[in-house]
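Chemist: The sequence isn't on hand, but the structure is:
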């Protein structure tokens, strides 16, 4: 029964997988339902689809061709969602810009007026190589200067809402270019395919249980792994995207109440922000809101406090290279019978591979031998599957290294438990080696977060003549926190962890973060080693 | 950014889509959890995977090669689930046998002892072309004669649980061969691909909201579209398969209570059976059980009665050619405010395309012009997408016809509503044309089902000298129903429908059904026209 002619691929039974299909379907079957809410503006799925087609057409008329890169620097606004469908419609590659940008690559540039101070000097540098620039304005950018050739609404108005786009030629075609957020200070251009984006979006919708009644609040930046593919995933299920220009606790709680938000994603730092929101900003939740968190390991205490506020927390783990989430911490019914601390410790694990991942293992990075599932031995998290990047743009060496031996190497160190779940111990570069012993910076941070005056904490290695390295803690205190000394922190740590793990240096102050809210440990490491 | 070498496919980021991956993953991450329950037997996911690999290896040793067909005739038992993974592991094509079988095609045959009376004569006919036969026994087949070379458990015991299977070479490879159940009396061999099976299973898991806590009761035959792909879909989410040898209301209610069943699929006839179960067989549901129904249009009254018993009904629509469900009736929050009758009428619609379908339309079968979305005009349901069959085996002409003009033609007639939802009016061959007017047999049946003494009803065309055709009703009464005449039924119809639609002939008695529980209208049509 191999290769029989009557069983061939035809246009009716083989279609390149592309998330563009999700929007076309939503427009047809959820056409009159609200697709996007943004302040006072609302677009139905019919309108969302029409606007994306207009944008695709306007881009085509402006000269954007298959394979060209369209950059966008914008907050979590309708334009950002529209661009996630319009660029793929014409086979262009969307580059949601974070910080770094590979300017000469960009043929076309959409940018939010909020970021005029970032854009103007970048454009000046490009000189005659300046791409076509469209600036995006809305009610919240009033007063900001314009810097583009034309404003976004005027631009898309020139496009045809019935534009017959071609879509990808092949599902392996590139759909997005995303620069890693740079916790290491060395960003790489991660390239996604239509196929991977489609599958990841479906997988995330399944894991996070989205449907057409979901109301998804955009606390996670869409430029971060295309919003962990939820830009496409929410659309796949016909749910409502609720935009959010700025991640502030008051705005988040207000949106949750006003729109009866059912789903939120965000880094642990966002959850911590909600936990420590001013009392008058907090509101009781009108519905049980699911919160998926990832991008960094959430301290168990943060999960516990979120649940105390009524949120249902799902812990995800992944990297930009894996289209965001590749594991989830599936809650088991028997956990309900456990003491609270044990249960939250389990929930703080990174969990198990989602349904789209082919292989997940914790292994020796050199031999690729899986480590024993003893919950202790550390190895590197490695994955394979269709939801892994195509590669790093123009960087064959780093791509080969990332995929060495046929596995994607995450760079994260974890222990593997008997039930198959993984527990991240550290980024391989963040591990502290003191007197020959490995100290997980996350473990030390986990204890620091339990201190009643600590709001945020980060621990890095500091050079030590005697021990090689020792843990150095950076601590941001809660607002209104009383006086506290380094010795107080150290004493708290001594009472709660093995003594060789206790930080010998404690520094108070705000922590440097990337635009996605990750703490920049490389900055802290430099700081620690510059200390006299 | 087109075709850059660093962005090529590699084994780490491109894997042929195949549902075999779901079992491997479940074994790794849900290894100690119950995968299959069958009477007193239970297998964990680790065991399920080991047994499937043993079967794959034993088949290989017995000479089964890539592209060979492995037939299985079995009830909803563990062997049936295992075969759905073992055959694909070695690139063989599983043929879950319904009634008809294309005997010369079959290299290998697994068969349940329950069906010895069917098998023995078929084998005798094959003579020297007899395939290798494995018979399957369990606690419920005690006393039945054996007819195979070896019993299933002995056969798989000869296989290696760590067998390194190769999987499909390409995701377009064939995975299953399924003969349509033959409501028309002309079965065709529908061929599925690994890709389609993988995507359909994911899509159904998403639509039916399966997860690792789901306990799925096997009321739907697994030989029917591979159980609407739930053989793979339940496995994809790590849920529990609860086997069921015979579809009897008492067994179903007992299983629901004993195993706290969360999900059931079945034809409307199964739902009707539960509605009319003897009072002492019915039990209150321990959890809210979701019931997906499809395969025939469920009368609104059946949905209403099921919900009154505490079930949550989801209406699906599809064909064998579409891997089972391709639409679902997504319940809208605003429906809650409607009068009950209106709400159940909406729930009886076939609804909207699921997330995996590329295009769904109701169109003129000849011109392919979509009909207006007026809820009245009838056209044929047509779909395209990756969850449509590869084709009909050895039947290029019928395949070309099914895919004419680039759309799969379902053969079902529907109206299209303004909200995008479809409502099946009839199979094109079941429509009754009386005096030039179309009469939907389903509409007449819908009314008959509302009669307090009617348990099942089917309406077909009967030749009529004056009108061309007229509706002829076949009615099965509820057990213990009092005396009733054809005139009583006709009077009830006259009070509830346009007079030209009222049946002129009414015949009482049991209705002939296919093995999947569909009423065989072609048998009834013959009967109607043989009447004097």
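Modeler: In hand now; what should we look at? Everything numeric here is computed off the predicted structure, so don't read it as measured data.

Chemist: Show me which residues of the stretch 101-250 of chain A sit near chain B.
Modeler: The stretch 101-250 of chain A has residues A:172-174, A:177, A:191, A:196, A:202-203, A:205-206, A:209, A:211-213, A:236-238 near chain B, with proximity defined as Cβ under 8 Å from any Cβ of the partner chain. For the C-beta atoms, the positions are set from N, CA and C on the backbone; glycine is no exception.

Chemist: now swap in the stretch 251-400 of chain A and tell me
Modeler: Residues of the stretch 251-400 of chain A lying near chain B by Cβ under 8 Å from any Cβ: A:330, A:332-333, A:352-353, A:355, A:357-358, A:360, A:384-386, A:388-396, A:399-400.

Chemist: Which of those are buried? Put it as a ChimeraX command.
Modeler: Of these, the buried ones can be selected in ChimeraX as follows, counting by 16 or more other Cβ atoms under 10 Å in any protein chain shown:
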select /A:330,332,352,353,355,357,358,360,384,385,386,388,389,390,391,392,393,394,399
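
Chemist: In strands only, show me the residues of the stretch 251-400 of chain A next to chain B.
Modeler: Here DSSP state E is the test, and these give A:352-353, A:357-358, A:360, A:384-385, A:391-392 as lying in strands.

Chemist: Turn the residues you listed into CSV, columns for pLDDT.
Modeler: Shown next, in CSV, are these (pLDDT from 0 to 100):
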residue, pLDDT
A:352, 97
A:353, 97
A:357, 97
A:358, 96
A:360, 97
A:384, 97
A:385, 97
A:391, 96
A:392, 95
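
Chemist: In JSON lines: those, plus distance to residue B:31.
Modeler: What follows is these, written out as JSON lines (distance: Cβ to Cβ, whole Å):
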{"residue": "A:352", "distance to residue B:31": "10"}
{"residue": "A:353", "distance to residue B:31": "12"}
{"residue": "A:357", "distance to residue B:31": "16"}
{"residue": "A:358", "distance to residue B:31": "17"}
{"residue": "A:360", "distance to residue B:31": "13"}
{"residue": "A:384", "distance to residue B:31": "19"}
{"residue": "A:385", "distance to residue B:31": "19"}
{"residue": "A:391", "distance to residue B:31": "33"}
{"residue": "A:392", "distance to residue B:31": "34"}
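
Chemist: Tell me which two of these sit farthest apart.
Modeler: Greatest spatial distance among these (Cβ to Cβ): A:352 and A:392, at 27.1 Å.

Chemist: Give the buried residues for the longest helix seen in chain A.
Modeler: Longest helix in chain A by number of residues (criterion: DSSP state H): helix A:45-61. Buried residues in helix A:45-61, counted by 16+ other Cβ under 10 Å: A:45-60.

Chemist: Ramachandran coordinates for the most centrally placed residue in chain A?
Modeler: For chain A, the residue sitting closest to the mean C-alpha position, by Cα atoms, centre = their mean, is residue A:224 at 4.4 Å. Backbone torsions of residue A:224, given as degrees, to the nearest 10, read phi -100, psi 100.

Chemist: Would you mind measuring from it to residue A:383?
Modeler: 19 Å (Cβ to Cβ, to the nearest Å).

Chemist: where are the low-confidence patches of the stretch 51-200 of chain A?
Modeler: A:98-107, A:181-186 (pLDDT under 70).

Chemist: about what we covered before: need the residues that contact the longest helix of chain A.
Modeler: For helix A:45-61, contacts defined as Cβ atoms under 8 Å, 6 or more residues apart in numbering or on different chains pick out A:23-24, A:26-27, A:30-33, A:35-36, A:43, A:70, A:78, A:81-83, A:85-87, A:89-90, A:92, A:108, A:155-163, A:165, A:235, A:238.

Chemist: that older thread, next step: the residues of the stretch 101-250 of chain A next to chain B restricted to helices.
Modeler: Short answer: these in helices (DSSP H) are A:196, A:202-203, A:205-206, A:236-237.

Chemist: Serialize those residues to CSV and add fields for neighbour count.
Modeler: Shown next, in CSV, are those (neighbours: other Cβ atoms under 10 Å in any protein chain shown):
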residue, neighbour count
A:196, 29
A:202, 29
A:203, 26
A:205, 25
A:206, 26
A:236, 26
A:237, 25
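
Chemist: and which of the residues you listed is nearest to residue A:491?
Modeler: Nearest member of those to residue A:491, counting by Cβ to Cβ, is residue A:203, at 45.7 Å.

Chemist: wait, doesn't the closest one sit right on residue A:358?
Modeler: No: in this structure, residue A:203 is not within contact of residue A:358 by Cβ atoms under 8 Å, at 11.9 Å.

Chemist: Break down the stretch 1-150 of chain A into its helices, ranges please.
Modeler: Under the criterion DSSP state H, counting those that start in this stretch, the stretch 1-150 of chain A carries helices at the ranges A:20-29, A:45-61, A:78-89, A:116-126.

Chemist: For the third one, name the packing helices and strands.
Modeler: Helices and strands touching helix A:78-89, by 3 or more Cβ pairs under 8 Å, 6 or more residues apart in numbering or on different chains; DSSP states H and E, are helix A:20-29, strand A:34-38, helix A:45-61, strand A:69-73, strand A:93-96, strand A:106-112, strand A:174-179, helix A:230-237.

Chemist: and the ones you listed as a markdown table, adding distance to residue A:133?
Modeler: Compiled in a markdown table, the helices and strands packed on helix A:78-89 are given as follows (distance: least, Cβ to Cβ, whole Å):
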| stretch | distance to residue A:133 |
| --- | --- |
| helix A:20-29 | 25 |
| strand A:34-38 | 22 |
| helix A:45-61 | 13 |
| strand A:69-73 | 9 |
| strand A:93-96 | 14 |
| strand A:106-112 | 5 |
| strand A:174-179 | 18 |
| helix A:230-237 | 22 |
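
Chemist: Would you tell me which of these gets closest to residue B:507?
Modeler: Nearest of the helices and strands packed on helix A:78-89 (Cβ to Cβ): helix A:20-29, 40.2 Å.

Chemist: Could you measure from residue A:58 over to residue A:156?
Modeler: Relative to residue A:156, and taking Cβ to Cβ, residue A:58 is found at 5 Å.

Chemist: how long is stretch A:317-326 from one end to the other?
Modeler: 6 Å (Cα to Cα, to the nearest Å).

Chemist: Could you do stretch A:198-218 as well?
Modeler: 19 Å.

Chemist: Neighbours of the closest residue to chain B within the stretch 51-200 of chain A, how many?
Modeler: Closest residue of the stretch 51-200 of chain A to chain B, Cβ to the nearest Cβ: residue A:67 (4.2 Å). The number of residues packed near residue A:67 is 17, by other Cβ atoms under 10 Å in any protein chain shown.

Chemist: try residue A:6
Modeler: What residue A:6 shows, counting by other Cβ under 10 Å, is a neighbour count of 16.

Chemist: show me the contacts for it.
Modeler: For residue A:6, counting by Cβ under 8 Å, 6+ apart, the contacting residues are B:391-396, B:399-400.

Chemist: Tell me if I'm right that residue A:405 and residue A:368 touch.
Modeler: Yes: counting by Cβ under 8 Å, residue A:405 does reach residue A:368; the two are 4.9 Å apart.

Chemist: what do those two both touch?
Modeler: By Cβ under 8 Å, 6+ apart, no residue touches both residue A:405 and residue A:368.

Chemist: Looking at those two, which one has more neighbours?
Modeler: With neighbours defined as other Cβ under 10 Å, residue A:405 and residue A:368 compare such that residue A:368 has more, 16 against 13.

Chemist: Report pLDDT for the more buried one.
Modeler: At residue A:368, the model reports a pLDDT of 96.

Chemist: shaky segments in the stretch 401-532 of chain A?
Modeler: Judged by pLDDT under 70, the stretches of the stretch 401-532 of chain A that qualify are A:515-516.

Chemist: Up against chain B, what does it have?
Modeler: Within the stretch 401-532 of chain A, the positions near chain B by Cβ under 8 Å from any Cβ are A:403, A:406-408, A:419-421.
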